[in-house]
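*Asks:* Have a look at this prediction, sequence included:
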2 protein chains.
Amino acid sequence: MPQAIVHIVDDDASLADSLGSLFRSVGLQSRTYGSTAAFLEADLPDIPGCLVLDVRLPGVSGLDFQGQLVGLGIRLPVVLMTGHGDIPMSVRGMKAGAVDFLPKPFRDQDMLDAVAAGIARDGQRRAVEGDLNRVKDLFATLSPRERQVMGLVTAGKLNKQVAGDLNLSEITVKIHRGSAMRKMQARSLADLVRMAETLGLRQTA
Amino acid sequence: MPQAIVHIVDDDASLADSLGSLFRSVGLQSRTYGSTAAFLEADLPDIPGCLVLDVRLPGVSGLDFQGQLVGLGIRLPVVLMTGHGDIPMSVRGMKAGAVDFLPKPFRDQDMLDAVAAGIARDGQRRAVEGDLNRVKDLFATLSPRERQVMGLVTAGKLNKQVAGDLNLSEITVKIHRGSAMRKMQARSLADLVRMAETLGLRQTA
DNA sequence: TTCCGTCTCATATCTTCGTATGGTGGGCCT
DNA sequence: AGGCCCACCATACGAAGATATGAGACGGAA
């Protein structure tokens, strides 16, 4: 991983510092936040990352915060840690998608492994999401008709059939089809079908 | 869910029985096994199901057994339960894909919820796997050449290009292409592309 | 040996696709 | 009013695809 960042949210400054040192020792950037609010106000760099979160925080529970993040569209993988945890707590965290749940005290290596897994997961997500966004952006440039035609064409219909379904002449369909191909930067119908698949396009009619 | 079955693996017969009653009370079939070996010897019915597994078993640990199941290709969702567990144990179980991890004593409702989630997950998996197997079976009927041609065609190549890549005449490519379409029961190129996607076909050359 | 499937190719015909050229009309923004 | 995008359609031509007919070669199974 060329660049990655670890976000540490913990009200215990000394622990946060020692975690920061630990990550630095393996070449990982890190930032620390004393509260969930501080984390939410910060700007997140656009590189793979991971959030190390103490479950016991002043105010909000780390588990609740984990849920909030999902609601806010922040998909950063979370490593939970806690001094006083129990099984239901850990299970809840894991069900909510946490990468790991580490009771304190934990071994440095366990934390590093967890964070590495989280960063890897974020890298994966970014790659997939990047592809999706590229396709979405292209799709956004299509006119309504072009989208319709693309949907029907990628459903396997012939130009003639598309024309019938939309009450158009076949010529017009060809034009929209051509525009869609050009705008989507698809070099073949197979390409276009895959993009439609990525977009979840399901236009049977 | 029209039909589903819960498999209970526990050496404590009385607990197994009471679990069986619990599941029966909500209309769920169940079978109990006194050991992991007994479970492995049994025939699993071909309906959605869920495995309720005690972590502490004579001989093998439930967690190890969970790993074995994956190796054996048994993808039944697992609900873990234990009388003497700790956080690392629960985290390990959840990481390995368990639906839930319930410390004893647990509330009946928690167990029912977990099992319901497991069965739902298994239903999903079965649906997806069913589609995949259907496509795989069709693909298995293709001759080597037909597969090759299908790969290249679904990669977006023209018949002419496929012919060049494989040192064939374009006519021959068309024939293989037609056979592939027929055998795969694809009614359009779009269909074929999606099947290739399902199969993970990635033939750039 | 005969039969069958596979692989190969040719000729021929028809359909479908891609695209260019050219034109009409509507809506929107400046 | 002019410019621009969208949507629509026609004619026309060449490329590509689908299919049928016919045919030779190989190898395995009955």
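*Replies:* Happy to help now that I have it.
*Asks:* Only the buried residues of the helix or strand A:Ser18 falls within, if you could.
*Replies:* Assessed by DSSP states H and E, A:Ser18 sits inside helix A:13-25. Residues A:15-16, A:19-20, A:22-23 are the ones in helix A:13-25 that count as buried (16 or more other C-beta atoms under 10 Å in any protein chain shown). (Glycine included, C-beta is placed from N, CA and C.)
*Asks:* try stretch A:126-139
*Replies:* Using 16+ other C-beta under 10 Å as the test for burial, stretch A:126-139 gives A:126, A:135, A:138-139.
*Asks:* And the helix or strand encompassing A:Ala120, what does it pack against?
*Replies:* A:Ala120 belongs to helix A:108-140 when elements are defined using DSSP H and E. Under the contact criterion of 3 or more C-beta pairs under 8 Å, 6 or more residues apart in numbering or on different chains; DSSP states H and E, helix A:108-140 touches helix A:13-25, strand A:49-54, strand A:78-82, strand A:100-103, helix A:170-184, helix A:189-199.
*Asks:* change it to 7 Å
*Replies:* When contacts are defined as 3 or more C-beta pairs under 7 Å, 6 or more residues apart in numbering or on different chains; DSSP states H and E, helix A:108-140 packs onto strand A:49-54, strand A:78-82, strand A:100-103, helix A:170-184, helix A:189-199.
*Asks:* Residue ranges of each domain in chain A, please.
*Replies:* Taking automatic domain parsing as the reference, chain A has its domains at A:5-128, A:141-199.
*Asks:* Distance to B:Gly73 added to those domains, as a markdown table?
*Replies:* Output for the domains of chain A, formatted as a markdown table (distance: least, C-beta to C-beta, whole Å):
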| stretch | distance to B:Gly73 |
| --- | --- |
| domain A:5-128 | 24 |
| domain A:141-199 | 27 |
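*Asks:* Tabulate these (JSON lines), appending mean pLDDT.
*Replies:* Below are the domains of chain A laid out as JSON lines (pLDDT from 0 to 100):
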{"stretch": "domain A:5-128", "mean pLDDT": "94"}
{"stretch": "domain A:141-199", "mean pLDDT": "95"}
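*Asks:* Can you say which of these is nearest to DNA strand C?
*Replies:* Nearest to DNA strand C among the domains of chain A is domain A:141-199; the distance by C-beta to the nearest atom of the strand comes to 3.2 Å.
*Asks:* The closest one near DNA strand C at all?
*Replies:* Yes. Contact of domain A:141-199 with DNA strand C is found when judged by C-beta under 7 Å from any atom of the strand, involving A:158-160, A:170-171, A:174-175, A:177-178, A:181, A:189.
*Asks:* Show me which residues of chain A are close to chain B?
*Replies:* Contact residues (C-beta under 7 Å from any C-beta of the partner chain) of chain A with chain B: A:85, A:87, A:90-91, A:94, A:100-101, A:103, A:154-156, A:187-191, A:193-194, A:197.
*Asks:* Make a PyMOL selection of whichever of these turn out to be buried.
*Replies:* Buried residues among those (16+ other C-beta under 10 Å), as a PyMOL selection:
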select buried, chain A and resi 85+87+90+91+94+100+101+103+154+155+156+188+189+190+191+193+194+197
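*Asks:* how distant is the strand or helix carrying A:Ser90 from the center of its chain?
*Replies:* Counting by DSSP H and E, the element that carries A:Ser90 is helix A:87-95. Relative to its chain's centre, helix A:87-95 lies at 22 Å (C-alpha atoms, centre = their mean, to the nearest Å).
*Asks:* Check the gap between the residue of chain A most remote from its centre and B:Lys174 for me.
*Replies:* In chain A, the residue that sits farthest from the middle, by C-alpha atoms, centre = their mean, is A:Ser169; the gap is 41.8 Å. As for A:Ser169, its distance to B:Lys174 is 29 Å (criterion: C-beta to C-beta, to the nearest Å).
*Asks:* now swap in A:Val135 and tell me
*Replies:* For A:Val135 relative to B:Lys174 (C-beta to C-beta), the value is 31 Å.
*Asks:* got the angle for the helix holding A:Ser90 vs strand A:78-82?
*Replies:* Angular relation of helix A:87-95 and strand A:78-82 on a 0 to 180 degree scale: 170 degrees, by axes from the mean of the first three to the mean of the last three C-alpha atoms, to 10 degrees.
*Asks:* Which residues does helix A:87-95 contact?
*Replies:* By C-beta atoms under 7 Å, 6 or more residues apart in numbering or on different chains, the residues outside helix A:87-95 that reach it are A:55, A:63, A:66, A:80, A:101, B:85, B:87, B:90-91, B:94, B:100-101, B:103.
*Asks:* What number of residues are in the vicinity of whichever residue of chain A sits closest to DNA strand D?
*Replies:* Going by C-beta to the nearest atom of the strand, DNA strand D is nearest to A:Ser143 of chain A, at 2.6 Å. Neighbour count for A:Ser143, taken as other C-beta atoms under 10 Å in any protein chain shown: 12.
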